[in-house]
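S.K.: Test case, fold it:
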Amino acid sequence: LYTVDMDSNDLNLEIIEMSDKQRKRLQRLQKQEIIQALEHEDFQASTLLEEDEELKDLLKCQEDQQQFKQVFEEGFDNYVKGNWDSCKIELETCAKLVPSDGPTKTLLNYLKENNFKRPADWDGYRAVSYTHLRAHETPEHLVCRLLLEKKK
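M.R.: Now for the predicted structure:
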């Protein structure tokens, strides 16, 4: 299971007024639709990449930002390896290229919380509880999780 840190406060979302009960019902219905789609034998996740407008936009942004991607990958590798001096420089470059990038901001905040010095017991990751991950699960995360579980 792979995770990505992000700051949900930076998401630009269209606000729709609804009660907690309505929101939970909508989320439940969305999850049911995804599960039903995944259960069909002819379902192919690749069709989501071709048909889903939001995913297409994300892929286009990724294509447009090759420099960002390369620098972020180097920064993330240095984060995992504990080379936080190099990581800081690379992530600051990413923040200049794409100031709104959530993972970059979150990693920089985590580095800052530690005064840009990796903890002595650093194992290349920080623990996040499964409960925490599930509490923030979106329909897109559900698709990924169910696909990974289906492969087992």
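S.K.: Who are the contact partners of residue 91?
M.R.: Neighbouring residues of residue 91 by CB atoms under 8 Å, 6 or more residues apart in numbering: 72, 75, 79, 104, 107, 108, 111. The way it works is simple: take the backbone N, C-alpha and C, and place the C-beta from them, glycine included.
S.K.: What is the three-state secondary structure of it?
M.R.: Of the three states, residue 91 takes helix under DSSP: H, G, I helix; E, B strand; the rest coil.
S.K.: what's the closest non-adjacent residue to it?
M.R.: Nearest in space to residue 91, with sequence neighbours left out and distances taken as CB to CB, 6 or more residues apart in numbering, is residue 75 at 4.5 Å.
S.K.: check which helix or strand covers that neighbour.
M.R.: Using DSSP states H and E, residue 75 sits in helix 66-81.
S.K.: Give the other helices and strands that that helix contacts.
M.R.: For helix 66-81, the elements it packs on are helix 84-97, helix 102-113, judged by 3 or more CB pairs under 8 Å, 6 or more residues apart in numbering; DSSP states H and E.
S.K.: so can I have a markdown table of those helices showing distance to residue 21 and mean pLDDT?
M.R.: Compiled in a markdown table, the helices and strands packed on helix 66-81 are given as follows (distance: least, CB to CB, whole Å; pLDDT from 0 to 100):
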| stretch | distance to residue 21 | mean pLDDT |
| --- | --- | --- |
| helix 84-97 | 39 | 93 |
| helix 102-113 | 28 | 89 |
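S.K.: so where's the chain shaky on pLDDT?
M.R.: Applying pLDDT under 70 to the chain flags the ranges 1-16, 38, 40-49, 54-64, 128-152.
S.K.: Quick check: the gap between residue 20 and residue 28.
M.R.: Separation of residue 20 from residue 28 (CB to CB, to the nearest Å): 12 Å.
S.K.: quick one on the thing from earlier: next, find the distance separating the residue nearest to residue 91 from residue 22.
M.R.: Look at residue 75 and residue 22: by CB to CB, they are 40 Å apart.
S.K.: Could you check which of these two is surrounded by more residues?
M.R.: Taking neighbours as other CB atoms under 10 Å, residue 75 and residue 22 compare with residue 75 leading, 26 against 11.
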